[in-house]
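Student: Quick one: sequence and predicted model below, then my questions.
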Number of protein chains: 2
Amino acid sequence: MIDRLVEKIKKTHAPIVVGLDPSLKFIPSGIREKAYAEFGENLQGAAEAVWQYNKGIVDAVQDLIPAVKPQIAMYEQFGVEGLAVFKRTVDYCKEKGLVVIGDIKRGDIGSTSEAYAVGHLGQIQVGNTMCRGFDEDFVTVNPYLGSDGVEPFIKVCREEKKGIFILVKTSNPSSGEFQDQRLADGDMRPLYEQVGEKVACWGETHMGSEYSYVGAVVGATYPEQGKILRKIMPKAFILVPGYGAQGGKGADLVHFFNDDGLGAIVNSSRGIIAAYQQEKYAKFGEENYAEASRAAVEDMKADIESALAAR
Amino acid sequence: MIDRLVEKIKKTHAPIVVGLDPSLKFIPSGIREKAYAEFGENLQGAAEAVWQYNKGIVDAVQDLIPAVKPQIAMYEQFGVEGLAVFKRTVDYCKEKGLVVIGDIKRGDIGSTSEAYAVGHLGQIQVGNTMCRGFDEDFVTVNPYLGSDGVEPFIKVCREEKKGIFILVKTSNPSSGEFQDQRLADGDMRPLYEQVGEKVACWGETHMGSEYSYVGAVVGATYPEQGKILRKIMPKAFILVPGYGAQGGKGADLVHFFNDDGLGAIVNSSRGIIAAYQQEKYAKFGEENYAEASRAAVEDMKADIESALAAR
């Protein structure tokens, strides 16, 4: 799957992933009203609105991008009904040929991580039948519990030829509170560097042709740390959130890429899916929200392309 | 809700939580076969088997214990159908008067943690209606992203009078890989102590009458660390996994409790829900699995009681 992601990035010339992170406040009122009229002002109505909204965006941008990253929390907020639409979105994006990165940030003790890995990437035996739960192509993983929380994911990835991105240095303002703590017995390196080294180590056991199936999450908002981590994990693909709405710019991103122009994929969520709410794309209007998203993808692609060309 | 948990612990004399962590291999064959006959060998059939199994256990032990802790991963492995049974289990346990701790170990950047908090503890506005997703009483939270990943949970807890348990020192063998790293600018304290201090600090902002709504997870498998953390976080309730199947014993647990005999709640999952598969309870047989679970709860209660009496 990492080889397929690389191939799709080369084909689209777009190291971009669109974060399908729906919030009711992003969804055009016409879509919401129609869904509520049909299913009621309840979780089912909300989930239907999310689905119609997602479908519009995916249809509009699918030929421009290699991958999408639905953030499961934005579905989980609508309970079981929301998670049914998460699954429907995953399936629809895969049908359209997109690589699907489930942003689930799971991680637990060994036997529990195994259940998450099975539910999101693998299959489970029921009687004599093998069944698949959410069936994404990649998921994000939280490393706080150490190797035995991560390895069950790698095991399933090996069986399924799928991949993971492990949280190393996250994009949020307080990510430094624990992640930047300098370690006494590690030459004063910060914790995120040690996690990065583990990612490189875990990744060696499951390689694609150029890059590992085990990647990392490093926020666009921390370009200096990205530069260091790029060197620590040369074979890890870096998933870079924080572009756009969170403040990251194309110029901040160049050090996340290797010299081959690969090795990183940049996520934008709000900046793309709610583009029509920005002044820059207001001319599209609410009803043409999906075209506004397409324009925003094109602009993001140009921004990153020119930043990479200028380095 | 922390006051209600304390009150229920006093009433049952059992600082015990039963982990409802179903695995198909724990479920008696009769229950599985009936469910598959009705719904097929598919995710729905598996979910139905889980539901019947859970219901049997809850009915058998509900008067002995204050709380249950369903581990969401064990439901998520069955996809959307599994999560529907997670919700059904939460609702059923609440109907029976049990406090429900959703073991979800979520944690993300601020806006995303907010969605998790809303989906699991709070409510979301859909049109003019307020809707609830999973609606547990407590959830577990992963702190790797720092304050802005935790605070949205505390905000919702304050509104809803609910609580969280933050991962501090987990019960698994590799928990030390990152959690035990000694920090250069923290007098060489390990990371988990720093996380414990943050838990104490976060907890001050949301207190019940004796204990805080912000608790901590500290594994029974690390009693020495539990002793230290008990002092660092005097007002935090400690959720203690790792008893039984993972190797923790009653005598290991005494330092997790305060002198008032409160301040900790000990989880056992497999040791209770699959008790009938242990030699000790084999006499109950598969069909009386729920009575075996009841006997295991009584034994666990006696083990902890005598350990506390002997200290």
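Tutor: Received the coordinates, thanks.
Student: and A:Thr129, how far is that from chain B?
Tutor: Going from A:Thr129 to chain B by Cβ to the nearest Cβ, to the nearest Å gives 4 Å. C-beta here means a position set from N, CA and C on the backbone, and glycine is covered the same way.
Student: Let me know the pLDDT of that residue.
Tutor: A:Thr129 carries a pLDDT value of 98.
Student: likewise A:Lys162?
Tutor: At A:Lys162, the predicted lDDT confidence score is 97.
Student: That one: neighbour count?
Tutor: 22 (other Cβ atoms under 10 Å in any protein chain shown).
Student: mind listing what's buried in the lowest-mean-pLDDT helix or strand in chain A?
Tutor: Least confident helix or strand, chain A: helix A:250-253 with a mean of 86, by mean pLDDT, DSSP states H and E. Residues of helix A:250-253 classed as buried: A:Gly250, A:Asp252, A:Leu253 (neighbour count, 16 or more other Cβ atoms under 10 Å in any protein chain shown).
Student: what's the neighbour count on the nearest residue to the second one once chain neighbours are set aside?
Tutor: Put plainly, it is A:Asp252. Closest residue to A:Asp252 apart from its sequence neighbours, by Cβ to Cβ, 6 or more residues apart in numbering or on different chains: A:Pro223 at 4.2 Å. Per other Cβ under 10 Å, the neighbour tally for A:Pro223 reads 19.
Student: just for the stretch 151-300 of chain A, where's the confidence low?
Tutor: Within the stretch 151-300 of chain A, the ranges that satisfy pLDDT under 70 run A:186.
Student: hey, where'd the strands end up in it?
Tutor: Applying DSSP state E, counting those that start in this stretch to the stretch 151-300 of chain A gives strands spanning A:163-169, A:214-218, A:238-240, A:264-268.
Student: Wait, the residue nearest to A:Asp252 touches A:Leu253, no?
Tutor: Yes - A:Pro223 is within contact range of A:Leu253, at 7.3 Å (criterion: Cβ atoms under 8 Å).
Student: Name whatever forms a beta bridge with A:Leu239.
Tutor: A:Val217, A:Ile265 (DSSP bridges).
Student: what sits against it?
Tutor: Neighbouring residues of A:Leu239 by Cβ atoms under 8 Å, 6 or more residues apart in numbering or on different chains: A:Val17, A:Lys69, A:Ile101, A:Thr140, A:Phe165, A:Gly215, A:Ala216, A:Val217, A:Val218, A:Ala264, A:Ile265, A:Asn267.
Student: Distance of the second one relative to A:Val90?
Tutor: What it means is A:Lys69. 11 Å (Cβ to Cβ, to the nearest Å).
Student: picking up where we left off before, can you list the strands of the stretch 151-300 of chain A in JSON lines and add distance to A:Glu286?
Tutor: JSON lines is the format used below for the strands of the stretch 151-300 of chain A (distance: least, Cβ to Cβ, whole Å):
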{"stretch": "strand A:163-169", "distance to A:Glu286": "33"}
{"stretch": "strand A:214-218", "distance to A:Glu286": "32"}
{"stretch": "strand A:238-240", "distance to A:Glu286": "30"}
{"stretch": "strand A:264-268", "distance to A:Glu286": "20"}
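Student: Which of the ones you listed sits closest to B:Tyr36?
Tutor: strand A:163-169 (31.8 Å; Cβ to Cβ).
Student: Against which helices or strands is that closest one packed?
Tutor: strand A:138-141, helix A:147-160, helix A:191-203, strand A:214-218, helix A:223-232 (3 or more Cβ pairs under 8 Å, 6 or more residues apart in numbering or on different chains; DSSP states H and E).
Student: Name the stretch among these that sits most buried.
Tutor: Of those, the one with the most neighbours on average (mean count of other Cβ atoms under 10 Å in any protein chain shown) is strand A:214-218, at a mean of 30.
Student: Other residues contacting that strand?
Tutor: A:2, A:138, A:140, A:154, A:157, A:163-170, A:196, A:199, A:202-203, A:205-206, A:225-226, A:229, A:233, A:236-241, A:256.
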